[in-house]
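Asker: give me the fold of what follows.
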Amino acid sequence: MFFRKKDGGDEKRGRGASRKVERGPPERPKSTQFLTGDALRDRRSVEALLDEIARVAERVARVKGPADLRELLTYIVDASVERTGAERGLLVLAGPGKRGERDALEVMVARQRRRKWIEGEVRYSTSAVKRVLENGAARKDRFSSAAEGAGLGQSVRELGLRSLMCVPLDAVGELRAGYQGVLYVDSTASAREFSQQDLTFFSALSTQSATALRTARLHVDSLERARLEEALETARIVQKNLMPEIPADCAGFDLFAWYQAAERTSGDFYDYFVTPGGRHAVVVGDVTGHGPASALITSTAQAFLRSSLLFSDDPERALTMLNRDLAKRMEPGHFVTLFLALLEPRGAAQIFDAGHAPPLVWRRAGGSIESLAGGHGPALGMIGDFEYRESISIELAEGDLLLAYTDGLSEARSKEAPDQLLGEDGLRRVLQTVAPSATTAHAVGESIVEAVHAHARGNHEDDLTLVVVRRSRA
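Answerer: Next up, the predicted model:
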């Protein structure tokens, strides 16, 4: 169905050419030539054009997607064949060639009489098509013999063409960026010679078809945008529902979790569940990037880790297996940073850090803040054969706070001074200010969120997630 030929390949004269024919410039349609002065004939021509415009408009109204657009293009070519009395009709696209030249021709639609597809290789006058593309003018050509047709290429002679018409269809460029298009019809019948009125009618049909294609394209784009918005909203709701409700009673701990996506969906996530051994698992993760692609990885990592630790209280093995799985499937340069804390009701905590921002611990006794930086392992998905064995064990006394967060908080930029980040120091200042008087994890978390928003003033480039763990009783 597709045909390409290098420039000049259709200009060679065949052996059957007996003489060189000097050809003038292509005949251009004139609007006044559409009417002949014959009242009956002119009325029929106008009625035929209006009827075809109405038929095309009717089909435009039914366009709901790319398949309908293809059907509309096919109808336009069929209408071109029927209304001009041609034997064949083509919609030909021209795009950039190997060296950036506009020499790559592609037959997008190839039809013949009785609305049938042309099978196999489609040959036509590429020279006529290229000339229309070059000067943007409609043209018709007639040949009284095969020898005369040699002036427009070998295909004209070998196919025995006696007449052809070709008109630009600029709207095709809106269907495929960087391309131009033409409508082309031809005939081998010596009795069918296209007239100037035929060319004018064909050009008018092309103009109306271009308008219809633009309308259809805009309609399809609008529908696609609506479908995309609906899909993104569904993804947002699904992802939000994957973030668990934090229970009010966590046996010795008070928890608060919050997140905000930079786009409709997030590359950040948090999770909470109880392991078979009775420990509270608190997870904060950050996938490189944000948006739908990162959200898919987020859901995979969250589901994998949760299912592993719900069946086996072995965090080292769970992290190692997740790392191997992600390393096999993630694109180079993509990874997941992860914080995992396993909390025992009496206050002991085992903490794993896979390339994540170090969590902060505020001690009620003395008011000091510790950064649990340990480099326990690389981000998940970076080194497939890495085994996660190292962790930090700490004790949380009554009133102590543990803050885990993604780098969207520490890297929040000031709207007035873009080079000024909130940083870990900014988070420490908030903890020092609110922790001594706060009686709940929720109060601390809300204060941090307010501080981040105040600093960035809505200028959030990354997803934001935090979890606050407060030891409620000894």
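
Asker: can we go C-alpha only for contacts and neighbour counts from here?
Answerer: OK.

Asker: go through this protein and flag its longest helix.
Answerer: Under DSSP state H, the helix in the chain containing the largest number of residues is helix 196-242.

Asker: got the CA positions of the one helix or strand Thr465 maps to in PDB?
Answerer: Per DSSP states H and E, Thr465 falls inside strand 464-471. Only the C-alpha atoms of strand 464-471 are listed here, as PDB (Å, rounded to 0.1, in the frame of the first residue of the first chain):
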ATOM      1  CA  LEU A 464       5.900  15.900  48.800                       C
ATOM      2  CA  THR A 465       5.500  13.100  51.400                       C
ATOM      3  CA  LEU A 466       6.100  12.900  55.100                       C
ATOM      4  CA  VAL A 467       5.400  10.600  58.000                       C
ATOM      5  CA  VAL A 468       5.700  11.600  61.700                       C
ATOM      6  CA  VAL A 469       6.000   8.800  64.400                       C
ATOM      7  CA  ARG A 470       5.500   9.900  68.000                       C
ATOM      8  CA  ARG A 471       6.200   7.600  70.900                       C
END
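
Asker: would you list the strands that it pairs with, along with their directions?
Answerer: For strand 464-471, the paired strands and their directions (DSSP bridges) read strand 253-260 (antiparallel), strand 401-405 (antiparallel).

Asker: how about JSON lines for those strands, with mean pLDDT added?
Answerer: Supplementary listing: these in JSON lines, determined by pLDDT from 0 to 100:
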{"stretch": "strand 253-260", "mean pLDDT": "91"}
{"stretch": "strand 401-405", "mean pLDDT": "95"}
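
Asker: which residues of the stretch 351-474 of the chain fall in strands?
Answerer: Applying DSSP state E, counting those that start in this stretch to the stretch 351-474 of the chain gives strands spanning 360-362, 369-371, 392-395, 401-405, 464-471.

Asker: among the ones you listed, which comes closest to Val182?
Answerer: Closest of the strands of the stretch 351-474 of the chain to Val182 is strand 464-471, at 51.5 Å (criterion: CA to CA).

Asker: tell me which residues of the closest one come out buried.
Answerer: In terms of neighbour count (16 or more other CA atoms under 10 Å), strand 464-471 has its buried residues at 464-471.

Asker: now do stretch 425-442
Answerer: 426-428, 430-431, 435-436, 440-442.

Asker: now the residues you listed as TSV including distance to Pro345 and pLDDT?
Answerer: Putting the buried residues of stretch 425-442 into TSV (distance: CA to CA, whole Å; pLDDT from 0 to 100) gives the following:
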residue	distance to Pro345	pLDDT
Gly426	31	91
Leu427	27	92
Arg428	26	93
Val430	27	92
Leu431	24	93
Ala435	21	92
Pro436	23	92
Thr440	17	91
Ala441	16	93
His442	19	93
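
Asker: pick the one among those closest to Ile383.
Answerer: Leu427 (30.6 Å).

Asker: against Phe339, how distant is Gln350?
Answerer: Counting by CA to CA, to the nearest Å, the gap between Gln350 and Phe339 amounts to 11 Å.

Asker: cool, Val129 as well?
Answerer: In this structure, Val129 lies at 63 Å from Phe339, with CA to CA as the measure.

Asker: which SS class is Leu93?
Answerer: The three-state label for Leu93, taken from DSSP: H, G, I helix; E, B strand; the rest coil, comes out as strand.

Asker: whoops, Arg114 was the one
Answerer: Going by three-state DSSP, the secondary structure assigned to Arg114 is helix.

Asker: that one and Ser414, how far apart?
Answerer: Remark: distance between Arg114 and Ser414 (CA to CA) = 68 Å.

Asker: who has more neighbours out of the two?
Answerer: When neighbours are counted by other CA atoms under 10 Å, Ser414 comes out ahead of the other of Arg114 and Ser414, with 20 against 11.

Asker: ok, that one touching His453?
Answerer: No - the pair Ser414 and His453 does not pass the contact test of CA atoms under 8 Å, sitting 9.5 Å apart.

Asker: which residues touch the strand holding Thr465?
Answerer: Strand 464-471 is contacted by residues 252-262, 268-270, 284, 347, 396-409, 440-442, 444-445 when judged by CA atoms under 8 Å, 6 or more residues apart in numbering.

Asker: and these, which are buried?
Answerer: The neighbour-count test (16+ other CA under 10 Å) marks 252-262, 268-270, 284, 347, 396-409, 440-442, 444-445 as buried among the contacts of strand 464-471.

Asker: can you list the domains in this protein?
Answerer: With automatic domain parsing as the criterion, the domains of the chain are listed as 31-225, 243-471.

Asker: lowest average pLDDT across the ones you listed?
Answerer: Of all the domains of the chain, mean pLDDT reaches its minimum on domain 31-225 (a mean of 76).

Asker: how far off centre is that domain?
Answerer: 31 Å (CA atoms, centre = their mean, to the nearest Å).

Asker: how close does Tyr405 sit to Leu427?
Answerer: To Leu427, Tyr405 is 10 Å away according to CA to CA.

Asker: hey, what's in contact with both of the two?
Answerer: With CA under 8 Å, 6+ apart, Tyr405 and Leu427 have no common neighbours.

Asker: isn't Glu424 up against Asp407?
Answerer: No - proximity of Glu424 to Asp407 does not meet the contact threshold set by CA under 8 Å, at 9.3 Å.

Asker: measure Gly65 to Arg227 for me?
Answerer: 11 Å.

Asker: neighbour-wise, which of those two wins?
Answerer: The neighbour count for Gly65 versus Arg227, taken as other CA under 10 Å, is higher for Gly65 (15 against 12).

Asker: do you know how far the more buried one is from Gly95?
Answerer: 23 Å.

Asker: turn the buried residues of strand 464-471 into TSV, columns for distance to Leu372.
Answerer: Converted to TSV, those look like this (distance: CA to CA, whole Å):
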residue	distance to Leu372
Leu464	20
Thr465	18
Leu466	16
Val467	15
Val468	15
Val469	14
Arg470	16
Arg471	17
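
Asker: out of the strands of the stretch 351-474 of the chain, flag the one nearest His334.
Answerer: In terms of CA to CA, the element of the strands of the stretch 351-474 of the chain nearest to His334 is strand 464-471, at 18.5 Å.

Asker: let me know the pLDDT of the spatially most central residue of the chain.
Answerer: In the chain, the residue lying closest to the centroid (CA atoms, centre = their mean) is Leu228, at 9.4 Å. With respect to pLDDT, Leu228 has a value of 70.

Asker: just want the angle from the strand or helix carrying Gly181 to helix 196-242.
Answerer: Remark: Gly181 resides in strand 180-187, with elements defined by DSSP H and E. Between the direction of strand 180-187 and that of helix 196-242, the angle (axes from the mean of the first three to the mean of the last three CA atoms, to 10 degrees) works out to 140 degrees.

Asker: picking up where we left off before, and the furthest pair within the buried residues of stretch 425-442?
Answerer: By the measure CA to CA, Gly426 and Thr440 form the most distant pair in those, at 20.5 Å.

Asker: and the spatially closest residue to Ser368 that is not a sequence neighbour, what does it touch?
Answerer: Spatial nearest neighbour of Ser368, chain neighbours left out: Trp362 (5.8 Å); criterion: CA to CA, 6 or more residues apart in numbering. Contacts for Trp362 were tallied using CA under 8 Å, 6+ apart; they are 368-370, 400-402, 431, 435.

Asker: that's all I had, so thanks and see you.
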